[in-house]
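> Make a model of this:
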Amino acid sequence: MRNKTWLVLAIALLAGALALGGCTTKVVTAPPGSALNTVTATGEGKSVAAPDQAEMNFGVMTQGAEAKKTLDDAAKRADAVIAALKKAGVAAEDIQTSGVNLYPQQDYADGKTPRITGYQASVQVRVTMKEIEKVGDIIAAGTGAGANEVYGPTFTLSEQSKSRADAIDKAVADAKARAEVMAKAAGKSVGDVLSISEAGVNAPPIYYGDRAKSDLAGGSNVPIEPGTLDVTAGVTVVFELK
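Reported below is the predicted structural model:
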């Protein structure tokens with residue numbers, strides 16, 4: 001019993017210390033049996049941003065009579081492409097092997113039982129580029145080193161982009177404006193924010209795959225225009241009604 005008494009006193013002292021220490025957390029309670037007066041509003045924010053990173057996919061495809069030799073040949077060529085990409089300025093952590101494939105080539109002539117006539121192998125690597133102004137040079141480096149399969153670029157927005165935060169700011173402001181309209185209609189005003197939840201930030205990537213592939217026939221220094229991305233954020237905010 002004595003221990004319980006000390007525990008109650010300790011909790012009371014801790015609560016008093018928090019109050020005197022300027023704790024700013026506000027807990028809104030309602031009388032028993034009554035609902036808390038709140039207004040919930042959704043908001044949307046939009047911004048336009050220049051992409052700050054791009055992705056490319058480089059691959060090498062080989063053909064041969066023996067499975068192992070064909071795959072080994074593809075692997076060696078892929079190593080050469082990776083080395084060239086690194087030399088062109090792509091960081092090692094931004095290069096990832098995305099696929100290794102080996103297929104038999106078969107002859108179906110004259111309705112006979114298919115027979116294997118050779119093998120086809122391919123190795124693909126995915127590259128993330130933080131300096132998008134160098135995309136054309138990176139493509140030239142990859143193709144110059146032997147890449148014969150190229151897809152991209154896909155322009156995206158990094159999670160650290162300020163444009164994402166700007167879109168969220170606008171979404172919260174939009175939610176507050178909507179809440180104020182509803183509160184005024186009810187003869188009340190908007191108070192403190194009780195909760196905020198994010199519905200997500202969407203920045204659809206721009207993909208120039210077909211254009212890049214067609215321009216590769218011309219050789220190097222492919223002209224690339226990154227354009228801009230539309231960034232959209234959604235939030236749901238619960239406000240206190242006063």
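> Could you use CA atoms for every contact and neighbour count after this?
Fine.
> how much space is there between K188 and A179?
10 Å (C-alpha to C-alpha, to the nearest Å).
> Residue ranges in this structure under the pLDDT threshold?
Where the chain drops to pLDDT under 70, the residues are 1-35, 209-223.
> In it, where's the longest strand?
strand 115-129 (DSSP state E).
> Adjacent strands (with direction) for that one?
strand 53-64 (antiparallel), strand 95-107 (antiparallel) (DSSP bridges).
> quick one on the thing from earlier: who's more crowded, K188 and A179?
Between K188 and A179, counted using other C-alpha atoms under 10 Å, the more crowded position is A179 (26 against 14).
> chain center to stretch 195-211: distance?
Stretch 195-211 sits 7 Å away from the centroid of its parent chain (C-alpha atoms, centre = their mean, to the nearest Å).
> do you know how far the nearest residue to K130 once chain neighbours are set aside is from G99?
Of all residues beyond its chain neighbours, the one nearest K130 is Q53 (4.7 Å), with distances taken as C-alpha to C-alpha, 6 or more residues apart in numbering. As judged by C-alpha to C-alpha, Q53 and G99 stand 22 Å apart.
> Over to S122?
Taken as C-alpha to C-alpha, the span from S122 to G99 is 8 Å.
> between those two, which one's more packed in?
Higher neighbour count among S122 and G99: S122, with 24 against 11, using other C-alpha under 10 Å.
> and the gap between that one and G152?
17 Å.
> Contacts for stretch 234-242, please.
The contact list for stretch 234-242, computed with C-alpha atoms under 8 Å, 6 or more residues apart in numbering, reads 37-45, 168, 171-172, 175-176, 179, 183, 188-201.
> Out of the residues you listed, which end up buried?
For these, a burial check counting by 16 or more other C-alpha atoms under 10 Å picks out 38-45, 168, 171-172, 175-176, 179, 183, 189-191, 193, 196, 201.
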